[in-house]
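Asker: 3D, please:
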Amino acid sequence: MALAAKTPVTVITGFLGAGKTSLIRHMLENANGRKLALIINEFGDLGIDGDILKGCGDETCSEDDVVELTNGCICCTVADDFIPTLETLLDREDRPDHIVIETSGLALPKPLVKAFQWPEVRSRTTVDGVITVVDGPAVKSGLFAEDPELIKKQWEADPTLDHENPLEEVFGDQLACADMVIVSKSDMMEAAELEGVLNLINEEARTSVEAIPAIHGRLDPGIILGLDAAVEDDVDARPSCHDDEEEHEHDDFDTFTIGIDVASEPGAVIERIKQALTQEGVLRIKGALAIADKRARLIVQGVGERVEHYYDRPWAGDETQTGQLVIIGLQGFDRSAVEAILQD
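Answerer: Numbers count the residues shown, from 1 in each chain. This next block holds a predicted model:
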């Protein structure tokens, strides 16, 4: 089948809180009539990102065009969840013009892209490109490596070395598979800091990849879609620290969901979330909250020292107006301490 007859697929990956959902939402709002379908993968059992995107209300991507996979990391459940979902989208009478996949922050893109080498998938789709979204201020603060140059030298000396740093491994794999790297939150850095981050990423990514700064995901979709990279043809040449493994595990991370009572006002809840984020091993907190006398949900996204929040849509008539948060952290973080803070 000719490449032009295949449905293009863009994989958007990136670490926790990097800005993937903001990028996709801007893409939907500026699709210029192109019909998009989304496959959203969540780490945890609460589909926050998919729910946010469903609330976008854009005619180029209706609620039926957003599919959520919450049964674990998409790169680990390819056969059971991802392939059937993809085939369902391709078999629709109103087949999408383009499919966008948002991986969880903990996913490795390479195992997912390798699934597009399967004959039944390869004949109908092509991976247009892998887009890695990077949290610029997090990279500036050294969140992903104590000494990036030392880690690089160790990898070069022994590619199978266990660096005992799951964050660095995930981040490195996402960069190594990228066709484009987008540095988000670039407005939160000074010019010299941004230049340093861009230089670091350009050194760590593949030689043909150049990092692009962005604010709130506001990039022309024409820059992201239509790369025609046919990634499935050269994915084996994109290195990963898990290349010698049959599969990888996510035992380095824990996640749980917690219910939050209706709050009288946002301030106190936001402060508790900020406090919970300071607990050792806590990586990210996200969810939807119910605020008294407010008809809309309050969406919360917290990572590191930053907590963003905004009202996204009115509560539906059949929805129970109560809050829920997903907490993601390194294995063994003190769940009871986090629960005590958030439910104070």
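Asker: Please, where are all the strands along the stretch 101-250 of the chain?
Answerer: In the stretch 101-250 of the chain, the strands defined using DSSP state E, counting those that start in this stretch lie at 125-135, 180-184, 211-213.
Asker: Can you name every helix or strand that the last one contacts?
Answerer: By that I understand strand 211-213. strand 180-184, helix 191-204 (3 or more CB pairs under 8 Å, 6 or more residues apart in numbering; DSSP states H and E). (Each C-beta comes from the backbone N, C-alpha and C, glycine too.)
Asker: That one: partners in the sheet, and parallel or antiparallel?
Answerer: Here strand 211-213 is paired, per DSSP bridges, with strand 180-184 (parallel).
Asker: same thing with the longest one?
Answerer: Each strand that strand 125-135 pairs with, and the sense of that pairing, follows from DSSP bridges: strand 7-14 (parallel), strand 180-184 (parallel).
Asker: I'd like those strands laid out as JSON lines, including distance to residue 219, mean neighbour count and mean pLDDT.
Answerer: As requested, the strands paired with strand 125-135 are arranged in JSON lines below (distance: least, CB to CB, whole Å; neighbours: other CB atoms under 10 Å; pLDDT from 0 to 100):
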{"stretch": "strand 7-14", "distance to residue 219": "12", "mean neighbour count": "25", "mean pLDDT": "93"}
{"stretch": "strand 180-184", "distance to residue 219": "7", "mean neighbour count": "24", "mean pLDDT": "93"}
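Asker: before we move on, back to that, quick one: which of the helices and strands packed on strand 211-213 is nearest residue 231?
Answerer: Of all the helices and strands packed on strand 211-213, the one in closest proximity to residue 231, counting by CB to CB, is strand 180-184 (11.3 Å).
Asker: angle of the closest one against helix 191-204?
Answerer: 150 degrees (axes from the mean of the first three to the mean of the last three CA atoms, to 10 degrees).
Asker: for the record, mean pLDDT for stretch 196-206?
Answerer: Stretch 196-206 shows a mean pLDDT of 86.
Asker: Kindly apply the preceding question to stretch 16-26 instead.
Answerer: pLDDT averaged over stretch 16-26 gives 83.
Asker: who's in contact with that stretch?
Answerer: 12-14, 38, 49, 52-53, 56, 100, 102-103, 105-106, 131, 133-135, 138, 182, 184-185, 214, 216-219, 221, 224, 283-284, 286, 301-304, 306, 328 (CB atoms under 8 Å, 6 or more residues apart in numbering).
Asker: so how many other residues sit close to residue 213?
Answerer: For residue 213, the neighbour count with other CB atoms under 10 Å is 18.
Asker: Leaving aside the residues adjacent along the chain, what's closest to it?
Answerer: In this structure, residue 213 finds its nearest non-sequential neighbour in residue 186, 3.7 Å apart by CB to CB, 6 or more residues apart in numbering.
Asker: Now do residue 318 against residue 296, distance only.
Answerer: Distance of residue 318 to residue 296, given as CB to CB, to the nearest Å: 16 Å.
Asker: Which one of these two is surrounded by more residues?
Answerer: Taking neighbours as other CB under 10 Å, residue 318 and residue 296 compare with residue 296 leading, 15 against 5.
Asker: Read off the pLDDT value for that one.
Answerer: 89.
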